[in-house]
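Novice: Let me see the structure of the following:
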Amino acid sequence: RLLDWYTELLAQSPTNTIVVQRLGARRTIVTTNPQNVEYMLKTNFNNFPKGKPFTEILGDFLGQGIFNVDGESWLASRRLASHEFSTKSLREFVMHTLEKEVCERLVPVLDEALCGENKVVDLQELLRRFSFNVICKFTLGTNNYNRCCLDPSVPTCPLARAFDVAAEVSAKRGAAPLFMMWRVKRWLGAGSERLLKNAVGEVQTHVMRMIQERKKQKGERNDDDVEDDLLSRLICAGHEEDKIRDMVISFIMAGRDTPSAAVTWFFWVLSHYSHLEDKIVEEAKGVLDYESLKNLSFLKACLCESMRLYPPVAWDSKHATDDDLLPDGTVVKAGDRVTYFPYGMGRMEDLWGKDWFQFRPDRWFVEPRNIEGIIMLNDVSPFSFPIFQAGPRVCLGKEMAFIQMKYVVASILSRFTFRIVGPEKPIF
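Specialist: Sure, this is the predicted structure:
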């Protein structure tokens, strides 16, 4: 119960900040103070990069991708990637990817799985596979090797398995009690580090093969006849193969788990509030196009409230370049790990009131509603709700994530009603 223990300590701290020191680990500052979060992510952004300790942990897997670099390399990658999240790209994402993946694949699988009374479906695994397919189609285009069968009783595809192994071992590097342990294992080529090397090799080989195949196809086609996916656009822009590979792997990594985790917890929470389910279904009636999805304000409030309590990423860390002083008076030393903690922030009474533990979508509403009776949403500071980071490194895929989550939830709830199998609360 590490997350809840940290939350309790932070709630008891007058500044909502604690300092953690462990033998063999660097000094760590953990905060749920929005002023500190804004200082880290915006005001003094340049002093709080991801830092070498972080980039070393993920370097074998993500290479020089956008989520694993700082400074000019990060800025150049962000400029490059920002074009993929324009309004035009998001409209195409809804029409060409989501519509097909949901209506032709996800819903039919649910129809078949739930065709009888009292059927049970592993929604978490189903949504993980669905999200993997969606992000692979967005980044790599259509390829059967990339696709996972949505039936949880069937093994996942080799690429998904390799991503799972690489992500798990990389995460364990960061959680190792002594930071030298994984380096020694990598040098020896032993245990989990051997698994990581093999998994990363499989992922990189697959993506490089697709780069080469796409280049060959481009040479055989008319220049105007280009696949509408991230990989093809990066190739057309003339980037080096290693850069393209790392960018593609980074985007798959970012998009494979976070939307599915958010929607899985959303359905678990919603199963306890059937009256809210009816409101969501009523709001989402009609055609689900880009404009109508943007206007699903009640559903967005429900998703935000669910992510407040169960964020897809529980915490995120930066590493101080120079000595500093946080707004609450906490002294930061060069090299310190400074962590902001969305899981704990969603449970702070100072931010959300004494009823922070209650699922209340209306806390996101502006009252009164506008003249047409449409729900307007509060403009909550991203530094109090940093689910998608904030400041210069705010998540480029934020709008895409909301569009995907809304489309999936609205499509499923218009056809199915879910109930939790057992009474026990799952462990976050």
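Novice: wait, what's in contact with the closest residue to residue 272 other than its chain neighbours?
Specialist: The shortest distance from residue 272 to any non-neighbouring residue, by C-beta to C-beta, 6 or more residues apart in numbering, is to residue 359 (7.5 Å). For every residue, glycine as well, the C-beta is placed using N, CA and C. By C-beta atoms under 8 Å, 6 or more residues apart in numbering, residue 359 lies in contact with 269, 272, 273, 305, 306, 309.
Novice: Now do the phi/psi pair for the residue nearest to residue 332 when sequence neighbours are not counted.
Specialist: Of all residues beyond its chain neighbours, the one nearest residue 332 is residue 324 (4.1 Å), with distances taken as C-beta to C-beta, 6+ apart. Residue 324 adopts backbone torsions of phi -160, psi 180, taken as degrees, to the nearest 10.
Novice: what about residue 290, distance to residue 399?
Specialist: Going from residue 290 to residue 399 by C-beta to C-beta, to the nearest Å gives 10 Å.
Novice: Mind listing the shared neighbours of those two?
Specialist: With C-beta under 8 Å, 6+ apart, residue 290 and residue 399 have common neighbours residue 90.
Novice: that older thread, next one: the residue nearest to residue 272 relative to residue 365, how far apart?
Specialist: Distance, residue 359 to residue 365, by C-beta to C-beta: 14 Å.
Novice: Distance-wise, check residue 21 relative to residue 280.
Specialist: Noted for residue 21: a distance of 46 Å to residue 280, by C-beta to C-beta.
Novice: who has more neighbours, those two?
Specialist: The residue with more neighbours, out of residue 21 and residue 280, is residue 280; 22 against 8, by other C-beta atoms under 10 Å.
Novice: Could I get the contacting residues of the residue nearest the centre of the chain?
Specialist: Centroid-nearest residue in the chain: residue 258, 3.1 Å away (criterion: C-alpha atoms, centre = their mean). For residue 258, the contact set (C-beta under 8 Å, 6+ apart) comprises 312, 313, 401.
Novice: Please apply the same query to residue 323.
Specialist: 331, 332, 333, 334.
Novice: unless I'm mixing things up, residue 146 is touching residue 135, no?
Specialist: No. With contact defined as C-beta atoms under 8 Å, residue 146 does not reach residue 135; the gap is 9.6 Å.
Novice: quick one: which of these two has more around it?
Specialist: residue 135 (26 against 22).
Novice: just so I have it, where are all the strands in the stretch 101-250 of the chain?
Specialist: With DSSP state E, counting those that start in this stretch, there are no strands along the stretch 101-250 of the chain.
Novice: how about low-confidence regions in it?
Specialist: 115-118, 143-145, 177-179, 221-227 (pLDDT under 70).
Novice: And the helices in it, which stretches?
Specialist: Under the criterion DSSP state H, counting those that start in this stretch, the stretch 101-250 of the chain contains helices at 107-113, 123-140, 158-175, 180-188, 191-220, 230-236, 241-270.
Novice: With respect to burial, which of those scores highest?
Specialist: helix 123-140 (a mean of 23; mean count of other C-beta atoms under 10 Å).
Novice: now the angle from that helix to helix 158-175?
Specialist: 100 degrees (axes from the mean of the first three to the mean of the last three C-alpha atoms, to 10 degrees).
Novice: Helix 123-140: how far from the chain's middle?
Specialist: Relative to its chain's centre, helix 123-140 lies at 12 Å (C-alpha atoms, centre = their mean, to the nearest Å).
Novice: now the angle from that helix to helix 241-270?
Specialist: Going by the same axes, to 10 degrees, helix 123-140 makes 150 degrees with helix 241-270.
Novice: Can you name every helix or strand that helix 123-140 contacts?
Specialist: helix 99-101, helix 158-175, helix 230-236, helix 241-270, helix 398-413 (3 or more C-beta pairs under 8 Å, 6 or more residues apart in numbering; DSSP states H and E).
Novice: Could I get the CA-only coordinates of that helix as CSV?
Specialist: Only the C-alpha atoms of helix 123-140 are listed here, as CSV (Å, rounded to 0.1, in the frame of the first residue of the first chain):
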residue,chain,number,x,y,z
LEU,A,123,-12.8,-6.1,-19.6
GLN,A,124,-9.3,-5.0,-18.5
GLU,A,125,-7.5,-7.4,-20.8
LEU,A,126,-10.0,-6.7,-23.6
LEU,A,127,-9.4,-3.0,-23.4
ARG,A,128,-5.6,-3.4,-23.2
ARG,A,129,-5.6,-5.3,-26.5
PHE,A,130,-8.0,-2.9,-28.1
SER,A,131,-5.8,0.1,-27.1
PHE,A,132,-2.7,-1.6,-28.4
ASN,A,133,-4.4,-2.2,-31.8
VAL,A,134,-5.6,1.4,-31.9
ILE,A,135,-2.2,3.0,-31.2
CYS,A,136,-0.5,0.5,-33.6
LYS,A,137,-2.9,1.5,-36.4
PHE,A,138,-2.3,5.2,-35.6
THR,A,139,1.5,4.8,-35.6
LEU,A,140,2.3,1.9,-37.9
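Novice: Surely residue 395 and residue 388 touch.
Specialist: Yes. If you go by C-beta under 8 Å, residue 395 and residue 388 touch, sitting 3.9 Å apart.
Novice: Determine the residues that are contacts of both of those two.
Specialist: Joint contacts of residue 395 and residue 388 (C-beta under 8 Å, 6+ apart) are residue 401.
Novice: in the stretch 251-400 of the chain, what spans have low per-residue confidence?
Specialist: In the stretch 251-400 of the chain, residues with pLDDT under 70: 367-374.
Novice: Helices along that one, start to end?
Specialist: 274-283, 290-294, 297-309, 342-345, 349-352, 398-413.
Novice: So which of those helices is the most surrounded?
Specialist: helix 342-345 (a mean of 24).
Novice: Report pLDDT for the closest residue to residue 327 other than its chain neighbours.
Specialist: Among residues not flanking residue 327 along the chain, residue 35 sits closest, at 4.2 Å (C-beta to C-beta, 6+ apart). Looking at residue 35, its pLDDT is 98.
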